[in-house]
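S.K.: just to be clear, the model below is a prediction. Sequence and coordinates:
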Amino acid sequence: MEGEALAAASQFFTSEVQRLTGIHIEQDCSGDSAIRFGLAPQEIRHRDGFTIQSRQNSLNLRANSAAGLMYGAQALADLLGLDGEA
């Protein structure tokens with residue numbers, strides 16, 4: 001379940017980046033990628049909740065659930081201005 005949720009959120013985000021900008025982002029499951037998706041139900045209380053943490057060379061998106069990961073991926077795309085409105 002966790003792997004499927006991470007893959008779905010990552011795939012959604014990379015597809016949106018490609019669709020809106022033409023930029024292809026490689027998906028990297030090694031943990032060395034600059035944009036990381038993860039489940040952290042012990043840290044995030046709301047079942048659909050998520051956090052986005054920005055560092056100098058990376059972004060971390062953590063969520064309580066698979067739904068939270070998708071909401072976070074959508075919010076991250078919005079924050080990066082990929083919808084043309086942010």
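M.R.: Arrived safely.

S.K.: remind me which residues of this structure are low pLDDT?
M.R.: 1, 27-33, 82-86 (pLDDT under 70).

S.K.: for the longest helix along the chain, which residues meet the burial criterion?
M.R.: Ranked by number of residues, the top helix in the chain under DSSP state H is helix 2-21. Neighbour-count burial for helix 2-21 flags A5, L6, A9, S10, F12, F13, T14, E16, V17 (criterion: 16 or more other Cβ atoms under 10 Å). To be clear about C-beta, it is placed using only N, CA and C from the backbone, and glycine gets the same treatment.

S.K.: for that helix, packing partners?
M.R.: Applying 3 or more Cβ pairs under 8 Å, 6 or more residues apart in numbering; DSSP states H and E, one finds that helix 2-21 makes contact with strand 35-39, helix 66-79.

S.K.: so that helix versus helix 66-79, what angle?
M.R.: 20 degrees (axes from the mean of the first three to the mean of the last three Cα atoms, to 10 degrees).

S.K.: can you dump the C-alpha coordinates of stretch 59-76 into CSV?
M.R.: Output in CSV follows, covering the C-alpha atoms of stretch 59-76 (Å, rounded to 0.1, in the frame of the first residue of the first chain):
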residue,chain,number,x,y,z
LEU,A,59,11.6,19.4,-1.3
ASN,A,60,10.0,16.9,1.1
LEU,A,61,6.4,16.1,0.9
ARG,A,62,5.1,13.9,3.8
ALA,A,63,1.5,12.9,4.4
ASN,A,64,-0.6,10.8,6.7
SER,A,65,-2.2,8.8,3.9
ALA,A,66,-2.4,8.0,0.2
ALA,A,67,-5.0,10.7,-0.1
GLY,A,68,-2.8,13.2,1.7
LEU,A,69,0.1,12.4,-0.7
MET,A,70,-2.2,13.2,-3.7
TYR,A,71,-3.4,16.4,-2.1
GLY,A,72,0.2,17.4,-1.3
ALA,A,73,1.3,16.6,-4.9
GLN,A,74,-1.5,18.8,-6.2
ALA,A,75,-0.5,21.6,-3.8
LEU,A,76,3.1,21.3,-4.7
